[in-house]
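Trainee: Pasting a predicted model and its sequence here:
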Amino acid sequence: MTCVLAAGALVWQANDQQRQQAQNRSELKRACAGLLPERDLRQYLPDDSAGTLEEYGTMLDPGQESRALLDCTLSWGGGRWGPDAAVTIRAEALVAGQGDAKPGNSEKDPGDATPYVPQVDDFEIPLPLGAHGSTVAGERLEGSEVTASLKVECPNGLKGRTLPSRDLQVSVTLPAQAESEYDVPHADRLRTARTAVRVANWVTEKQNCGTGSITTKSAPAPRTSYEPSTLCAWLDPETLRFEEGDSTDTDGRPTSEYGWEWTSDSGFDERRGLCRGQMVGYSTGYEGAPIVDAIVQSWAGSYADGAYERFAETGHVPGARQRSPTRPDGSVTVAKEGTTLSLWARSRCDTGRSYHRITLTAEFPAVGDETKHVMSRSDRTEFSQHARATLDRYLADDKAWPKRSGCGDTKILGEVEEWVR
């Protein structure tokens with residue numbers, strides 16, 4: 001009799017777990033207006049407890065009184081320190097004075113010596129004109145999470161708020177498997193970005209915003225290695241007379257801790273291109289101001305306009321800032337390290353208008369405890385020549401992004417002095 005009761009209890013428990021898991025799956029599928037990546041989130045569903053769903057919003061069916069168009073949180077498990085896993089979606093119409101700082105924008109002064117990389121790349125998915133986004137990984141008590149923020153223009157206006165608004169703000173947070181925020185894989189960032197785009201497209205379509213849908217097709221994930229990819233092999237430090245690194249072994253790794261490291265596209269994307277070579281380790285002490293960092297970027301079509309707009313907002317486009325004051329001998333005063341110059345160009349390509357940005361960083365030798373360095377007229381001229389030579393080589397190489405994109409009729413737009421004065 002005891003064995004029969006025990007077996008019956010196990011069967012009942014198994015059936016109960018199946019029922020609970022089925023209920024959790026059903027809730028996951030319908031929660032948050034059905035916008036969650038259901039298949040990817042199933043791994044977080046418990047089979048011994050129900051989820052907790054809180055959702056509000058004027059766009060829910062039936063609509064609810066709320067300041068948000070959609071505000072949804074679904075969580076599972078946990079105790080006094082919070083749930084084991086949770087997802088959050090919020091979409092709201094921004095009113096005047098709200099959200100002036102676009103998500104993901106750098107707070108650095110335009111004169112910061114650190115090369116500025118636009119947040120259009122930080123979002124994992126190339127964004128068209130009028131859209132701004134970023135993805136940020138964070139840690140939870142156990143595990144990690146990724147938050148994607150996306151701001152989209154709505155020319156026809158958004159309904160659901162007393163005050164008029166033409167700006168939609170979307171925020172999405174999804175759990176990730178990595179133990180640390182530094183180990184969150186590209187796939188988890190991409191999943192969260194795609195969910196944010198899905199929410200934005202859902203809102204703009206239902207609200208008849210007057211904008212087209214944003215594609216969820218991602219850019220090829222950049223790879224970092226000691227050898228550039230085929231698309232970036234043209235960016236050769238020796239040919240371009242950049243700083244020289246130490247020799248490499250049979251695996252392509254520097255024989256010491258001083259050499260070039262590459263972040264480059266793993267595949268061709270007609271919307272954007274990225275190549276970066278960065279010197280790691282200690283300088284070999286060459287005279288002058290050798291180039292130690294080179295970032296080359298291109299954007300096409302509406303993504304070109306979106307990228308240029310982001311740089312313009314921070315004064316990082318030609319003509320946005322005054323040139324450094326020069327001395328009678330033509331020299332300028334700059335920070336002794338991290339002196340950065342950008343060169344912009346515009347082309348006509350197969351997918352429409354495109355922008356190219358060459359960003360070079362030179363390293364001046366340290367002189368005592370001085371925090372400034374005088375860049376001579378010849379150093380300044382050589383800096384510009386390096387940038388132009390890099391652009392010319394980029395445009396001419398058959399395997400680089402411009403040739404692959406059918407670019408021509410290129411016009412030089414000008415330089416941007418991105419250094420601390």
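Mentor: Here it is on my side, so go on. Numbers count the residues shown, from 1 in each chain.

Trainee: Poorly predicted segments of the stretch 151-300 of the chain, please.
Mentor: 160-163, 218-223, 244-258, 281-288 (pLDDT under 70).

Trainee: Helices of that one, start to end?
Mentor: Here the stretch 151-300 of the chain has its helices, by DSSP state H, counting those that start in this stretch, at 186-206.

Trainee: now the strands: where do they sit in it?
Mentor: 167-176, 223-225, 259-264, 272-280, 291-300 (DSSP state E, counting those that start in this stretch).

Trainee: what's the closest of the ones you listed to residue 204?
Mentor: strand 167-176 (6.7 Å; CB to CB). C-betas here are computed from N, CA, C, even on glycine.

Trainee: Name the strands paired with the closest one and say parallel or antiparallel.
Mentor: Using DSSP bridges, strand 167-176 pairs in its sheet with strand 85-94 (antiparallel), strand 144-153 (antiparallel).

Trainee: Distance to residue 292 and mean neighbour count added to those strands, as CSV?
Mentor: Shown next, in CSV, are those (distance: least, CB to CB, whole Å; neighbours: other CB atoms under 10 Å):
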stretch, distance to residue 292, mean neighbour count
strand 85-94, 41, 23
strand 144-153, 32, 23
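
Trainee: hang on, the earlier thing: let me have the strands of the stretch 151-300 of the chain in TSV, extended by distance to residue 357 and mean neighbour count.
Mentor: Shown next, in TSV, are these (distance: least, CB to CB, whole Å; neighbours: other CB under 10 Å):
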stretch	distance to residue 357	mean neighbour count
strand 167-176	27	24
strand 223-225	20	13
strand 259-264	15	20
strand 272-280	10	21
strand 291-300	5	24
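
Trainee: What about residue 239, how many residues nearby?
Mentor: Burial of residue 239 is recorded as 10 neighbouring residues (other CB atoms under 10 Å).

Trainee: contacting residues for the closest residue in space to it that isn't next to it in sequence?
Mentor: Sequence neighbours aside, residue 393 is the residue nearest to residue 239 in space, at 7.4 Å (criterion: CB to CB, 6 or more residues apart in numbering). Taking CB atoms under 8 Å, 6 or more residues apart in numbering, we find residue 393 in contact with 234-235, 239-240.

Trainee: circling back to that earlier point, would you mind putting the strands paired with strand 167-176 into a markdown table with distance to residue 332 alongside?
Mentor: Output for the strands paired with strand 167-176, formatted as a markdown table (distance: least, CB to CB, whole Å):
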| stretch | distance to residue 332 |
| --- | --- |
| strand 85-94 | 41 |
| strand 144-153 | 37 |
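
Trainee: Now do the contacts for the closest residue to residue 405 other than its chain neighbours.
Mentor: What sits nearest to residue 405 in space, not counting adjacent residues and going by CB to CB, 6+ apart, is residue 349, at 4.4 Å. Residue 349 makes contact with 300, 402, 405-408, according to CB under 8 Å, 6+ apart.

Trainee: thinking again about what came up before, quick one: buried ones out of the contacts of residue 393?
Mentor: Neighbour counting by 16 or more other CB atoms under 10 Å classes 234-235, 240 among the contacts of residue 393 as buried.

Trainee: Return the member of those residues nearest to residue 323.
Mentor: residue 240 (24.3 Å).

Trainee: ok, so of the buried ones among the contacts of residue 393, who is nearest residue 315?
Mentor: Nearest to residue 315 among those, with distances taken as CB to CB, is residue 235, at 26.4 Å.

Trainee: List the contacts of the closest one.
Mentor: Contacts of residue 235 by CB under 8 Å, 6+ apart are 228, 262, 264, 275, 277, 294, 296, 390, 393-394.

Trainee: One more pass at 10 Å, please.
Mentor: Residue 235 makes contact with 228, 242, 260, 262, 264, 275-277, 294-296, 390, 393-394, 397, 400 under the criterion CB atoms under 10 Å, 6 or more residues apart in numbering.

Trainee: about what we covered before: what's the most distant pair in the contacts of residue 349?
Mentor: It's 300 and 408 that sit farthest apart of the contacts of residue 349, by CB to CB, at 13.1 Å.

Trainee: Skipping adjacent residues, who's closest to residue 329 in space?
Mentor: residue 377 is the one closest to residue 329 (CB to CB, 6+ apart), at 6.5 Å.

Trainee: returning to that earlier point: what's the closest of the contacts of residue 235 to residue 165?
Mentor: For the contacts of residue 235, the nearest to residue 165 is residue 295 (35.6 Å; CB to CB).

Trainee: so the closest one makes contact with residue 341?
Mentor: No. Checked against CB atoms under 10 Å, the pair residue 295 and residue 341 is beyond contact range at 11.2 Å.

Trainee: Which neighbours do the two have in common?
Mentor: The contact lists of residue 295 and residue 341 share 115, 358-361, where a contact means CB under 10 Å, 6+ apart.

Trainee: quick revisit: so can I have CSV of the contacts of residue 393 showing distance to residue 123?
Mentor: Shown next, in CSV, are the contacts of residue 393 (distance: CB to CB, whole Å):
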residue, distance to residue 123
234, 27
235, 24
239, 33
240, 30
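
Trainee: quick one: strands adjacent to the helix or strand residue 73 falls within?
Mentor: With secondary structure defined by DSSP states H and E, residue 73 is part of strand 70-76. Note on strand 70-76: by DSSP bridges, its sheet partners are strand 52-56 (antiparallel), strand 85-94 (antiparallel).

Trainee: which one of the ones you listed lies closest to residue 45?
Mentor: strand 85-94 (8.6 Å).

Trainee: for the record, mean pLDDT for that closest one?
Mentor: Strand 85-94 shows a mean pLDDT of 90 in the predicted model.

Trainee: Go through the shared contacts of residue 295 and residue 341 and say which is closest to residue 77.
Mentor: Among the shared contacts of residue 295 and residue 341, and counting by CB to CB, the member closest to residue 77 is residue 115, at 42.9 Å.

Trainee: sorry, back to before: need the per-residue pLDDT for the residue nearest to residue 405.
Mentor: At residue 349, the model reports a pLDDT of 93.
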